[in-house]
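> just a sequence and a predicted model for now, questions to come.
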Amino acid sequence: MRHSIRLTAAVLLAFATFAHAQNANILWYDKPATDWEKEALPIGNGRIGAMVFGGVESERLQISEKSLWTGGPGAEGGYDYGLPAQSQAGLMRSIGKQLLEGTQLKPEEVAKLLGRKMHNYGDYQSFGELIIERETDGGPVSGYRRELDLDTAAARVSFKQGDAGYRREYFVSYPDQALVARWYGTSLQKLRVRFAAPDNRNVTIRAEGTRILIAGSLKSNGLKFAAELRVVPECGTVKADGESLRIESECQVTFVLAARTNYRMQYPSYRDAGADPVAAVASDAAGATKERFAQIFARHTRDYQELFRRVALHLDAGVPKMPTDKLRAQYGTGNAAADRQLEQLYFQYGRYLLIASSRTGSLPANLQGVWNDKMTPPWNADYHVNINLQMNYWPAEVANLAETAPPLFDFVDHLVTPGKLAAQRYFGANGWTMFLNTNAWGYVGPIDWPTAFWQPEASAWLAQHFYEHYLFSQDTEFLKKRAWPVMKGAAEFWLDALVADPRDGMLTVSPSYSPEHGPFTAGAAMSQQIVADLFVSTSAAAKLVGDKEFAKRIDAALAKLDRGLRVGKWGQLQEWKADLDEPKDDHRHVSHLFALHPGHAISMNNPELVAAARATLDARGDASTGWSRAWKINFWARLRDGDRAHKLLEGLLRDSTLPNLWDTHPPFQIDGNFGATAGIVEMLLQSQNGEIHILPALPKAWSQGSVKGIRARGDVTVDIDWDSCGPVKLSLTTGHAGPVTLRSTLFEKGFDGSVKTEGALSARKFTAKRGGQYTFTRAASVSCAER
Ligand code: FUC
């Protein structure tokens, strides 16, 4: 059927400009991308990712599917999950004992003894590329725009060539489990579409009718994969030509691409025996082509916007007037409004990226989210668990995206089974553990990179995310069924693995290693702080689920546990039990401040520790790699220093952000995007110590603004409006009944509240109802000067 209304090129392009003028949540560029890492734009549905280049004559969509991994079970030469056949517990304990006697060991020495060569660990793989070539007369192009609209999770390309206008739109639908593209031109389009697969696999590519069928298996491990492309033109013709399709159409052309593997996240086989990826992609693609584009798009935006639109951040800056690469390049050079525009865009981009790379039913967001164009990506594009995977999920609760966390929970759950073997073989302990990193194949052993291999605290740190989900949601079912087994298992491990330090009798981690520098010692601060955090949460959770016996054991251990909080000779928070810190050390890891963030043992109630944390951060300095700067935003926010947190954000945007606003370590690593997004919420709202603190670290640069829909523990959703005199209006929505303590400078002068509050002026208390709505406004009589 031909389009009843034919658009002129001018009308077509005007649409793009109009949408842009209204929407601050758009990344846009005035030229096509040539560089995958720096310029192409990411779209995704958690499982399938695509990078859009927007070439005028040749469009390139680089595709990823989260489970396409080499290595693991089925790989030639075998795979052992990082688990040794013989117990290493004796060796581990003897090293631990040496360290407890005060010896320090070089990481190289310990790695030689306890390290393990990664064997068939594998790599996350590019799935391939969809290439759409367009026949043109090569005439000049004008009005080119390439954009990523965070509000609809769609990438678009539009331009004029000759008298004709062209417009393309791309999204990856979660409800329809497919990538959908639509191309529209005001004059005849002659297109050729093909799929290019990397050569480290067995693959057949066949064009048939209006479809391209791709099926194969990885040479490495036999993992099967399949993809199917369907082309649906509203008029014109589609013809198979070898491996490609030729399309001639004067109307809209829709492309649907489905992709799957026979991976299943289950130890030990990691294969879905019954799965037929070829049949699965045929069914996905058929489903997504049953309806018109508009309906599929509407279903996609409904699903996406339910998550994305919950939160709005306005820094009183308006809509950016310049392309995003220029906005970033000129950041910090004196255009305050443009700087605020970039900051609010960057915040929402972090939320967008988490939705696009983490949805229920697939693996969690890896070091690159879901996007990867390589066969051997940096660090295998795996799951590092000494900061990176955890940081990916920091925004999930605070930025109101708890629905993105199930992939993390499912992943951690499934690691408990191999993790029990790791606890036995390396420590002779009960419970479960793992070390520095893991893959799609349940790798739970250490590796042999001396400065990064020993991190048995990983399971405890991951368990923290389960308890935090309970604290934010107050979901007791989740606590009992999902959080408790994971937490209890991690705690059982440490109950067995801790040893009494003969020097002071305190329960200590040994061997212990502070990521990723210094010597091996007993009781490095981070090890002790993470175990303490786990025990404190597990003790509380044990009481909530009614496991009195376990609560007793944990409380007894807690009483003897070294909490890893010592102030050293230059006033710093000590990284090790002995006072070894160098004031000139500017290493990117500041893991010994775990207790400040994401832990909360260092609070403003303890000025000595606060001063020590400041001294440490000052010494380490602000400049660092992407994720390290992002972590420091969170640290400074917790220290209630908004200007310093903002300075870190400035550094991140200036020096660790690519033109497509991806974080760069370097190379591209998505954790910095997520860590900074969480950090921005920490600047506006905190709730880690039993009270909800409004604008705890507001920088001077954000003198006016509003935020809507961010989350506090206790199942509270918060909206804040502020001006240069502080908060103007607070609105709270309480999902559960219970006591609320609200700290805000709003209360210090006159205010009106919709509920009666009591207590100190700085922190008002009231009892919230389930489903309650409460507002507090600054009294009109209070002038700015009085505040
Ligand atoms: C940790 C970091 C590195 C890098 C790697 C993926 O080991 O220390 O800087 O981010 O993860």
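Everything's here; your move.
> mind listing what the residue of the stretch 501-650 of the chain found nearest the ligand touches?
For the stretch 501-650 of the chain, the residue closest to the ligand is E516, as judged by Cβ to the nearest ligand atom, at 4.9 Å. Placement of C-beta: from N, CA and C, glycine included. For E516, the contact set (Cβ atoms under 8 Å, 6 or more residues apart in numbering) comprises 386, 451-452, 587, 589.
> okay, buried residues for the helix or strand hosting E549 please.
Remark: E549 resides in helix 548-560, with elements defined by DSSP states H and E. Within helix 548-560, the residues scored as buried using 16 or more other Cβ atoms under 10 Å are 550-551, 553-554, 557-558.
> using PDB, write out every CA atom in that helix.
The C-alpha trace of helix 548-560 is given here as PDB (Å, rounded to 0.1, in the frame of the first residue of the first chain):
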ATOM      1  CA  LYS A 548      17.700 -16.300  65.500                       C
ATOM      2  CA  GLU A 549      20.400 -18.900  65.600                       C
ATOM      3  CA  PHE A 550      22.300 -17.300  62.800                       C
ATOM      4  CA  ALA A 551      21.700 -13.800  64.100                       C
ATOM      5  CA  LYS A 552      23.500 -14.900  67.300                       C
ATOM      6  CA  ARG A 553      26.500 -16.300  65.400                       C
ATOM      7  CA  ILE A 554      26.800 -13.100  63.400                       C
ATOM      8  CA  ASP A 555      26.500 -10.900  66.400                       C
ATOM      9  CA  ALA A 556      29.100 -12.800  68.300                       C
ATOM     10  CA  ALA A 557      31.500 -12.500  65.300                       C
ATOM     11  CA  LEU A 558      30.700  -8.800  64.800                       C
ATOM     12  CA  ALA A 559      31.700  -8.100  68.400                       C
ATOM     13  CA  LYS A 560      35.200  -9.400  67.600                       C
END
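> ok so, going back, max pairwise distance over the contacts of E516: which two?
Using Cβ to Cβ, the contacts of E516 span at most 13.1 Å, a distance reached by N386 and H587.
> these two: which is more packed in?
N386 (22 against 17; other Cβ atoms under 10 Å).
> sec struct for that one, please.
coil (DSSP: H, G, I helix; E, B strand; the rest coil).
> what sits against it?
Contacts of N386 by Cβ under 8 Å, 6+ apart are 436-437, 452, 455, 458, 515-516, 591.
> and it, what pLDDT?
At N386, the pLDDT value in this model is 96.
> look up how far V718 lies from it.
Going from N386 to V718 by Cβ to Cβ, to the nearest Å gives 32 Å.
> before we move on, what about Q266?
Distance check for Q266 against V718: by Cβ to Cβ, it reads 39 Å.
> who has more neighbours, the two?
Counted by other Cβ under 10 Å, Q266 and V718 do not tie: V718 has more neighbours, with 22 against 12.
> element containing that one, please.
Element membership for V718, per DSSP H and E: strand 716-723.
> partners of that strand, with directions?
Take DSSP bridges as the rule and strand 716-723 pairs in its sheet with strand 705-712 (antiparallel), strand 726-734 (antiparallel).
> possible to save those strands as CSV with distance to the ligand and mean pLDDT?
As requested, these are arranged in CSV below (distance: least, Cβ to the nearest ligand atom, whole Å; pLDDT from 0 to 100):
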stretch, distance to the ligand, mean pLDDT
strand 705-712, 27, 98
strand 726-734, 37, 97
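> adding mean neighbour count, write those strands out as JSON lines.
Shown next, in JSON lines, are the strands paired with strand 716-723 (neighbours: other Cβ atoms under 10 Å):
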{"stretch": "strand 705-712", "mean neighbour count": "21"}
{"stretch": "strand 726-734", "mean neighbour count": "19"}
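> give me the buried positions along whichever helix or strand comes after the helix holding E549.
Per DSSP H and E, helix 548-560 leads on to helix 607-620 as the next helix or strand towards the C-terminus. By 16+ other Cβ under 10 Å, the buried positions in helix 607-620 come out as 609-610, 612-617, 619-620.
> ok, which of the residues you listed also contact the ligand?
When contact is defined as Cβ under 6 Å from any ligand atom, those do not meet the ligand at all.
> a markdown table for these, including distance to G428 and pLDDT?
Formatted as a markdown table, these follow (distance: Cβ to Cβ, whole Å; pLDDT from 0 to 100):
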| residue | distance to G428 | pLDDT |
| --- | --- | --- |
| L609 | 35 | 98 |
| V610 | 39 | 98 |
| A612 | 36 | 98 |
| A613 | 36 | 98 |
| R614 | 41 | 98 |
| A615 | 39 | 98 |
| T616 | 35 | 98 |
| L617 | 38 | 98 |
| A619 | 39 | 98 |
| R620 | 37 | 97 |
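> looking at the residues you listed, which one is closest to Y81?
R620 (35.5 Å).
> quick check: residues of the protein near the ligand?
367, 379, 384, 386, 388, 452, 516, 589, 625, 627, 665, 669.
> coming back round to it: looking at the buried residues of helix 607-620, which is nearest Y443?
Nearest to Y443, judged by Cβ to Cβ, of those is R620 at 30.6 Å.
> contacting residues for the closest one?
Contacts for R620 (Cβ under 8 Å, 6+ apart) come out as 585-587, 590.
> need the distance between the two termini of stretch 562-576.
Start-to-end span of stretch 562-576 (Cα to Cα, to the nearest Å) is 12 Å.
> contact partners of it?
Stretch 562-576 is contacted from outside by 501, 504, 506-508, 514, 518-519, 521, 523-529, 532, 577, 579-581, 583, 591-593, 595, 601-602, 608-609, 611-613, 615-616, 619, using Cβ under 8 Å, 6+ apart.
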